[in-house]
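*Asks:* Quick check, what structure comes out for this input:
(one chain, ligands or ions: 3)
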Amino acid sequence: MMTVMTPAGTLRPVLGDQISDGRLPSLADLDPARDVVLFAEVREEAAYVPHHRQKIALIFAGMRGFAERLRQKGVRVRYVRLDEPGNTHTIVGEIARAAASEGLQHVVMTEPGEWRLRQALDALSHNSSMRLDIREDDRFICSHGTFQAWARGKTTLRMELFYRHMRQRTGLLMDGNEPCGGRWNFDTENRKRLPKGASAPARKFIVPNAIARQTLDDVARWFPDGFGAIDTFAYATTPHEAEALLAAFLDNILPGFGDYQDAMAKGEPWLWHSVLSASLNLGLLDPMDVCKRAEAQYRAGKAPLNAVEGFVRQILGWREFVRGVYWLRMPEYKKRNALGADRRLPWFYWSGETDMACIRDVIATTRDNAYAHHIQRLMVTGNFAMLLGVHPDPINAWYMAVYADAYEWAELPNTHGMATFADGGIVGSKPYAASGAYINRMSDYCGTCRYDVKKRIGQDACPFNALYWDFLDRNRKVLSGNIRLAMPYKSLDRMSAADRKNIRLQAERWRERFGATPL
Ligand code: FAD
Ligand code: DLZ
Ligand code: SF4
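*Replies:* Ligands and ions are numbered 1, 2, ... in the order given. The predicted model follows:
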């Protein structure tokens, strides 16, 4: 009797930030009759930095929900829980284990978002007999090839020029060959301080579904001492929930997005921000769809151009740009430390125990919500770590750990490039260094702070002030030639030698006091 051999199927691992029903390149040609889709909760991913518990729960709930939806479609799913006996606790270990036990030699997956995992997968492919096909992640608007072609021959990479290029390529917010409204950028209209008494619009939050609730219980049990509150979890874990958040944002919040984009207010974690980064980065939302729907609000007269352009620039511009820079410059990019920073990160970044009202508020929302908005990340925690001279590694580890949206392709260029200037000017043309005056201008923090924002020296002086001038003084060799810093260096040079010495001593006292000691 003749036996008919069906060709072996394919193992299709799906990573925790690949929760994209119907849009994942590695599942495009899935054969439900023969293929196996693999999900693996593993300690290596969950613990290579001490992730916020909401971030772990978000990813595991996203994976569990996606696995369930695939099963309901008749797909064979192998789901490895964190507590499953035999779990090797690495992605590559679980791929090898699944391939062996399912008898599958062909593995197809979508490229990972982080360099270290790409390296591990390449090593697996070289060291085993299995055939590993890694497909490009087309859930971004700009492909690797398009970014490389744009960057070729350029000595500096500037987001603004990349963004204009992408507007032209995609036709987003274009009227023919011209940008809508005759301008590419409405930033100057987007720097308003929040008026007294004004409060942010009401926003929609997600009540965790059954899978998310079970996952939150598991994560609370598995990571009892992990960072961050867990019972305040309100993230979308399914495409349906993310769609509800997006729709509510477009209707109720987008119209005011531009005006207060740079503002900060005590006890107001969200203001007019979209809080969609975790959904976008998990794969629940498609960035091009989000941009097109924001544009449609403008075209329908439901949101002003400064708001829509500001929002589209964040996604089409910044999000795609930082990813492009990451893949263009890794692995060398991560080793950069242009300012020779060498200090420890103060413990209050984890505990929130500080008298600095601005930092205390940002750490509070970070712990409660695994979220802080961009200006808080950039001008409060990022700026302060840079002024102190904290080494880039602990800063990166902190940003990777504490935010629900943190993946290295987005986190590293923002931290190394924008917040700390560790990359020496690849992402930004100057460090975003600022004294307390900036925070006072853009927020209501200083009014309730125990420190005096107007003072530079003394125990009750705002620590940002002496640290700011000391930062400029210490880094004179690298920074004083930067034309965009000409004004502050002029002010510094007008100070007497005694003033500069006092600033240096005061800055050193702050470093000691905050535990920013040499590594
Ligand atoms: P909104 O203000 O509503 O902006 C809309 C969307 O634009 C965001 O959802 C996000 O997808 C995108 N976006 C905006 N700014 C940026 C940016 N600079 N880079 C990339 N995308 C952007 N963003 C991450 O997604 N992951 C990170 O790990 C991350 N780490 C950061 C670290 C530092 C030090 C800094 C300064 C910024 C970091 N950002 C990161 C960028 C930005 O702060 C967050 O994307 C934003 O705060 C998310 O909140 P939101 O969704 O309300 O954004
Ligand atoms: C962040 C994360 C965590 C905490 N846990 C897992 C996991 O257990 N399994 C998994 O497949 N992915 C996880 N992730 C997401 C990965 O770290 C992410 O896919 C890579 O960093 C690439 O962006
Ligand atoms: Fe922050 Fe200084 Fe203002 Fe206090 S006085 S809130 S430390 S900027």
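*Asks:* Can you get me a residue count around residue 238?
*Replies:* 22 (other C-beta atoms under 10 Å). Placement of C-beta: from N, CA and C, glycine included.
*Asks:* Pretty sure it sits against residue 65.
*Replies:* Yes. At 5.1 Å, residue 238 counts as touching residue 65 under the criterion of C-beta atoms under 8 Å.
*Asks:* list residues touching both of these two?
*Replies:* residue 209 (C-beta atoms under 8 Å, 6 or more residues apart in numbering).
*Asks:* Please list the residues of the protein that sit near ligand 3.
*Replies:* 356-358, 436, 439-440, 445-446, 449, 451, 453, 462-464 (C-beta under 6 Å from any ligand atom).
*Asks:* How much space separates the residue lying closest to residue 319 once chain neighbours are set aside from ligand 3?
*Replies:* Leaving out its chain neighbours, the residue that sits closest to residue 319 by C-beta to C-beta, 6 or more residues apart in numbering is residue 287, at 6.6 Å. Remark: distance between residue 287 and ligand 3 (C-beta to the nearest ligand atom, to the nearest Å) = 34 Å.
*Asks:* what's residue 287 in contact with, if anything?
*Replies:* Contacts of residue 287 (C-beta under 8 Å, 6+ apart): 139-141, 280, 315-316, 319-320.
*Asks:* and which of those residues is nearest to ligand 3?
*Replies:* Relative to ligand 3, the closest of those is residue 319; by C-beta to the nearest ligand atom it sits at 28.5 Å.
*Asks:* any idea which helix or strand of the chain has the worst average confidence?
*Replies:* Lowest mean confidence among the helices and strands of the chain (mean pLDDT, DSSP states H and E): helix 43-47, at a mean of 92.
*Asks:* Check which helices and strands it is in contact with.
*Replies:* Applying 3 or more C-beta pairs under 8 Å, 6 or more residues apart in numbering; DSSP states H and E, one finds that helix 43-47 contacts no other helix or strand.
*Asks:* secondary structure class for residue 155?
*Replies:* coil (DSSP: H, G, I helix; E, B strand; the rest coil).
*Asks:* Now do it: how many residues are near it, please.
*Replies:* Neighbour tally, residue 155, other C-beta under 10 Å: 4.
*Asks:* And it, how far from ligand 2?
*Replies:* From residue 155 to ligand 2 the distance is 30 Å (C-beta to the nearest ligand atom).
*Asks:* what do you get for residue 428?
*Replies:* Residue 428 is 24 Å from ligand 2, by C-beta to the nearest ligand atom.
*Asks:* I'd say that residue and residue 421 touch.
*Replies:* Yes. Residue 428 is within contact range of residue 421, at 6.9 Å (criterion: C-beta under 8 Å).
*Asks:* ok, the two, which is more surrounded?
*Replies:* Higher neighbour count among residue 428 and residue 421: residue 421, with 28 against 21, using other C-beta under 10 Å.
*Asks:* what helices or strands is the next helix or strand after the least confident helix or strand of the chain leaning on?
*Replies:* For helix 43-47, the following helix or strand on the C-terminal side (DSSP states H and E) is helix 53-72. With contacts taken as 3+ C-beta pairs under 8 Å, 6+ apart, helix 53-72 sits against strand 36-40, strand 76-80, helix 210-222, helix 277-282.
*Asks:* Pipe the ones you listed into JSON lines and attach mean pLDDT and mean neighbour count per row.
*Replies:* Output for those, formatted as JSON lines (pLDDT from 0 to 100; neighbours: other C-beta atoms under 10 Å):
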{"stretch": "strand 36-40", "mean pLDDT": "98", "mean neighbour count": "24"}
{"stretch": "strand 76-80", "mean pLDDT": "97", "mean neighbour count": "18"}
{"stretch": "helix 210-222", "mean pLDDT": "98", "mean neighbour count": "17"}
{"stretch": "helix 277-282", "mean pLDDT": "98", "mean neighbour count": "25"}
